[in-house]
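K.L.:
Test case, fold it:
(chains A, B and C)
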Amino acid sequence: MTSPENPRLSREDVAHVADLARLALTDDELDAFTGQLADVLDHAADLDALDLDDVPPMANPFPLVNVLRADEPGNDDVRAEVLAAAPSVEDGRFRVPPVLGEAP
Amino acid sequence: MSVRSTAAAVRAGERSALSVVEEHLAAIDAHEDEIHAFNLVLADESLARAEELDRRIADGGDPGPLAGVPVALKDNLCTRGIDTTCGSRILEGWRPPYDATAVERLAEAGAVVIGKTNCDEFAMGSSTENSAFGPTLNPLDTSRVPGGSSGGSAAAVAAGFAPLALGSDTGGSIRQPAALCGTVGVKPTYGRVSRYGLVAFGSSLDQIGPFAATVEDAALLLEVIGGHDPRDSTSIPEASPDLLGVLGQGVEGLRIGIITELMGGPDRAASVEGIADDVRARVEQAAEALATAGATVEHASVPSTIYGLSAYYLIAPAEASSNLARFDGVRFGLRVDGDTAPEMNTATRTAGFGDEVKRRIMLGTYALSAGYYDAYYGRSQKVRTLIQRDFARAYETFDLLLSPTAPTTAFPVGERTDDPMMMYLADVCTIPSNLAGHPSMSVPFGTGDDGLPVGVQVLAPALDEATMFRAAAVLEGAAP
Amino acid sequence: MSDQALIPGWEVVIGLEVHAELATVTKMFSSALNRFGGEPNTNIDPVSLGLPGSLPVLNEKAVELAIRVGLALECVIQPSVFSRKNYFYPDMPKDFQISQYDLPINGVGSLELPDGRRIGIERAHLEEDTGKSTHVGGGGRIHEAGHSLIDYNRAGVPLIEIVSAPDMRCAEDARAYVSELRAILVAIGASDGKMEEGSMRVDCNVSVRREGTAGLGTRCEVKNINSLRSLGRAIEYEARRQVDLIESGDEVEQQTRHWNEDDGRTHKLRSKEEAYDYRYFPEPDLVPVEPSDEWIAEVRAALPMLPRERRRRLADAAGVEPSDTALTVERGMDDLAVDAIAAGADAARVLVHIANNLADGVGKLTAAPFAALVAMETGGDLTATQAKSVLADLVASGGDPATHASTHGFEAMDTSELEALVDRLIADHPDDWAGFVGGDDKERKKKAGFFVGQVMKATRGQADGRIVNELLARRSAEA
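P.N.:
Numbers count the residues shown, from 1 in each chain, chains lettered A, B, ... in the order given. As a prediction, this is how the structure comes out:
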């Protein structure tokens, strides 16, 4: 797929990604962010000029493979510190408001 | 006094670590209010640590090559039991249960952590104005920004608060503030320094690196923190390079290329925008200095570097959008309550993140979302391949490359805060090294028309920090 | 079985996604323990909690176990890459799951069912498990909970997800597939396969089509299946639901559905349109995994015998079809059977004893006395009933079958004694004898049963029924 026909994203697009990212925006913020993000995407339109069909994507800059660790227990006992610093804990577990619904 | 000689004096018992630390705490006391380099000054802790080091030395021990040397840490490096905020409300008061690998290595080398430095929130920015705890100002001119995102670390070294500092560099966040504050700043090869304990921004781009007043001090610090770490899967399986040993070797016979595309000037069509004339003039002067020292200096073309900024501002936000998902109010940091878990997540993130972070999270979420992945994230990762190939081609002819570090000298506080795209352009020369995973460093080389420092960027192929440091040492010696 | 349509006129098409926790000591990406149960949040460290700054490092054993699974399922083992699957959920510490997406370590393969049919495997990839949420208040029901509590002990436990092709056609197929898969995973030491502890979980894709048509219908994915029994029930319910929809003129909507054990129904979780945008991208904190040919060969060489190989080995030894050995292999008694047969025991008797008399395990029974027992039985020294009783002694206390037999007072009955007894019974029951000699097959069978019963009664079960039948047949031919 190449760039979408209209690379400038809409207010609705921004509202959608804010929702996906668990961010709440006011109407004013939505307007401002839409303009700013569209500026960045417009700048990125210079990439459209490149012929990248036969170019592989690069995920890791330094090519390593098979970086593995032995299946041996460590001693990073952080339980007390982590639970003490957590926003809310009950019976050694992290307490949150009702989750409502399964994982997607 | 160089870090090496300070440490030598402390190790020899000629000078106490305590006096070294006290001297720097005094400097902080005197000027920190004007600069705001730190989010946290560890006065009591660093004094206690210095006394402990002095006792060890008195007992015949040797704490190591950084004995008694104060080091300032960017506040996105995890320090066990010590606040690590990343310049964000969402982590205010968070104390990690572990130390970053780089922090452990500092401790093993006898260094003294003197404080946690201010930064753009989650390292996202080029001016340190995006910190939730207020901006850091440039010690050389407090009406100017210190650059960013590691502006606090750059300012701490420039102001004499600490001889050494660590920062992180995702698109220029060490080199650009180093240039703007007149210090040396190094981004090592991706994988040279362990990222374990560095709060991630763009995982495939992030590197920890040193700030120092001199090339030698920076070399010493990189030797200490570099080398393989089994806790980071992307850590290069090699020992830390010997840098101090090669510093004096000069550049005789080296082939050095000035990157045309990062110079602006008469042939603007093939170059990135916005390179100031005074900056370009200093880089040309630096090139002459290298030639005088025996290097062959020519123009070099790395054509795809002009696409670096666009690719970077899709890749880094994409990775950030995922890296920053965990700040959800469940396990650590800020929680703003809500009736349901999703509402709590949203309330927490909305209150806890600043605008620049939100912008990049949304941009990155968009770049990865269904229907846009190929067009944005996918294409950008291909551009990385192009950039790496172009660099590889250039390095067939040249040992090192040269460019400005930043397009301009330090800009006025507030000038670019309302124009994100304008702010992003500050990284245009530094980004290509991050995309390629190559080392590069900024060396101060004179000043611009405004009397503020200009940094020259020395770029090297992967793993060749040694040659890069040789050229940096020559530039340092020849700087006007 | 597949030739019995669940719903006349309709064919059900089933594909399964099985998640199995791998039997490692530590988690997939950190050195925290992979351990079931225990106090909440005890098997945690910075990585498995997703603390800022922590980084994953892949457990070599998890990769090795994945390769074992790939080899056992005859998959293509290939270079693989981990990706991030992004979604917010409190039991997911990083709010993304590290999972292999477009480049799984194991590509296409297949699984052979005990009856010899093959079910295609599309892939078997590595991913990390989530923590566990407990919903407090509202009777524990998720939609009415007052709040939720999260335990991350399970977070980061290595999982292998095995995705089958849509090759199954009925609930029985699906159950057979899961049983066989579990047997394989346990045999190769990849997983303990405990569905009740959640270390093996099954999601099920179900669609229906009219018999004789080729295309696939719209499928629904059914989640929350916690036992083989619920798997069958869920498939049958879901298939009927889809057929009912189509027959009443509606269409099946592509949905993810939740199996509710209590009401025996599936319930809609979400439709395809509401499908979540996971924003997969390559995990930048990990590097590709490319198992070398040497490593794969090493793992292959160390692979224990698979259930299908055990079935074939026993079938060869016993001279039967592999499907006839399924039960023996399932009970883990094929080594015993093979060894007993090798020691000269009659294969058919060995398999019969295992099927009928060893359901509760072999206890102290070993191959040599087992073979000796079967030899006594086939040699006429023990009747079937006596053999069963000696077998029970061998299971309970080991030892030698002859000793147990004499302790019971089991003596081989002299054939002449038996002949006399049979002759006397024939004389005492002339009508029954006439029925045996002159009756049709059914009558003859019935009367044979009568005479054998009388002999057993008179001998308190010590006579060999086989020999009695032979005597009856001989006398009848002489008559």
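K.L.:
got the residue ranges for the helices in the stretch 151-300 of chain B?
P.N.:
Applying DSSP state H, counting those that start in this stretch to the stretch 151-300 of chain B gives helices spanning B:151-158, B:175-181, B:215-225, B:277-292.
K.L.:
so where's the chain shaky on pLDDT?
P.N.:
Went with chain A since none was named. A:1-7 (pLDDT under 70).
K.L.:
oops, chain C please
P.N.:
Low-confidence segments of chain C (pLDDT under 70): C:1-5, C:139-144, C:412-413.
K.L.:
Residue of chain A closest to chain C, please.
P.N.:
Chain C sits closest to A:Gly74 of chain A, with a gap of 2.9 Å, by Cβ to the nearest Cβ. From N, CA and C alone the C-beta is placed, and that goes for glycine too.
K.L.:
Quick one: neighbours of that residue, just the number.
P.N.:
Applying other Cβ atoms under 10 Å in any protein chain shown, we find 15 residues neighbouring A:Gly74.
K.L.:
which one is the residue of the stretch 351-480 of chain B found nearest chain A nearest to, not counting chain neighbours?
P.N.:
Closest contact between the stretch 351-480 of chain B and chain A, by Cβ to the nearest Cβ, is at B:Gly437 (2.4 Å). Take B:Gly437 and drop its neighbours on the chain: the residue closest to it by Cβ to Cβ, 6 or more residues apart in numbering or on different chains is A:Pro61, 2.4 Å away.
K.L.:
Which strands or helices does the helix or strand C:Lys446 falls within pack on?
P.N.:
Element membership for C:Lys446 (DSSP states H and E) is helix C:441-459. For helix C:441-459, the packing partners by 3 or more Cβ pairs under 8 Å, 6 or more residues apart in numbering or on different chains; DSSP states H and E come out as helix C:415-428, helix C:430-438, helix C:465-478.
K.L.:
Just the buried positions in the last one, please.
P.N.:
Neighbour-count burial for helix C:465-478 flags C:465, C:467-468, C:471-472, C:475-476 (criterion: 16 or more other Cβ atoms under 10 Å in any protein chain shown).
K.L.:
cool, and the second one?
P.N.:
Within helix C:430-438, the residues that qualify as buried by neighbour count (16+ other Cβ under 10 Å) are C:432-433, C:435-437.
K.L.:
Kindly report the same for stretch C:360-376.
P.N.:
Buried residues in stretch C:360-376, defined by neighbour count with 16+ other Cβ under 10 Å: C:362, C:365, C:367, C:369-376.
K.L.:
Pick out the residue of chain A closest to chain B.
P.N.:
For chain A and chain B, the shortest gap (Cβ to the nearest Cβ) falls at A:Pro61, measuring 2.4 Å.
K.L.:
Now for B:Ile236, how many residues are close by?
P.N.:
Around B:Ile236 there are 22 residues (other Cβ under 10 Å).
K.L.:
and if you look at B:Cys429?
P.N.:
If we define neighbours as other Cβ under 10 Å, then B:Cys429 has 35 of them.
K.L.:
same question, the one 3 residues further on
P.N.:
The local packing of B:Pro432 (other Cβ under 10 Å) involves 35 other residues.
K.L.:
and the helix or strand containing it with chain C, contact?
P.N.:
Of the helices and strands defined by DSSP H and E, B:Pro432 is found in helix B:431-436. No - for helix B:431-436, no contact with chain C is found by Cβ under 8 Å from any Cβ of the partner chain; the gap never falls below 12.4 Å.
K.L.:
Report the rounded mean pLDDT for that helix.
P.N.:
For helix B:431-436, mean pLDDT rounds to 98.
K.L.:
Determine how far it lies from the middle of the whole chain.
P.N.:
13 Å (Cα atoms, centre = their mean, to the nearest Å).
K.L.:
quick one: the helix or strand that it is followed by to helix B:151-158, angle?
P.N.:
Following helix B:431-436 in sequence order, the next helix or strand is strand B:440-447 (DSSP H and E). If you take axes from the mean of the first three to the mean of the last three Cα atoms, to 10 degrees, strand B:440-447 sits at 50 degrees to helix B:151-158.
K.L.:
Chain A versus the spatially most central residue of chain B, what's the distance?
P.N.:
Geometric centre of chain B, nearest residue: B:Ile174, 2.0 Å, by Cα atoms, centre = their mean. B:Ile174 is 16 Å from chain A, where distance means Cβ to the nearest Cβ, to the nearest Å.
K.L.:
Which neighbours in the sheet does the lengthiest strand in chain A have, and how are they oriented?
P.N.:
In chain A, with assignment by DSSP state E, the single longest strand is strand A:93-96. Paired strands of strand A:93-96, with direction, are strand A:89-90 (antiparallel), strand C:147-151 (antiparallel) (DSSP bridges).
K.L.:
Could I have the CA atoms of the last one written out in PDB?
P.N.:
Output of strand C:147-151 as PDB, limited to C-alpha atoms (Å, rounded to 0.1, in the frame of the first residue of the first chain):
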ATOM      1  CA  HIS C 147     -13.400  -3.800  41.600                       C
ATOM      2  CA  SER C 148     -10.800  -6.100  40.300                       C
ATOM      3  CA  LEU C 149      -7.600  -7.500  41.800                       C
ATOM      4  CA  ILE C 150      -4.600  -8.400  39.600                       C
ATOM      5  CA  ASP C 151      -2.000 -11.100  40.200                       C
END
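K.L.:
where along the stretch 151-300 of chain B do the strands fall?
P.N.:
Under the criterion DSSP state E, counting those that start in this stretch, the stretch 151-300 of chain B contains strands at B:164-169, B:184-187, B:207-212, B:255-259, B:296-300.
K.L.:
Could you identify which of the ones you listed is most buried?
P.N.:
Burial of these is given as mean neighbour count (mean count of other Cβ atoms under 10 Å in any protein chain shown); strand B:184-187 ranks first at a mean of 33.
K.L.:
Parallel or antiparallel, list what pairs with it.
P.N.:
Next to strand B:184-187 in the sheet, as set by DSSP bridges, lie strand B:207-212 (antiparallel), strand B:440-447 (antiparallel).
K.L.:
May I see the ones you listed organised as a markdown table, with mean pLDDT added?
P.N.:
Converted to a markdown table, the strands paired with strand B:184-187 look like this (pLDDT from 0 to 100):
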| stretch | mean pLDDT |
| --- | --- |
| strand B:207-212 | 98 |
| strand B:440-447 | 98 |
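K.L.:
can you redo the helices and strands packed on helix C:441-459 as a markdown table with distance to B:Glu343?
P.N.:
Below are the helices and strands packed on helix C:441-459 laid out as a markdown table (distance: least, Cβ to Cβ, whole Å):
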| stretch | distance to B:Glu343 |
| --- | --- |
| helix C:415-428 | 86 |
| helix C:430-438 | 85 |
| helix C:465-478 | 76 |
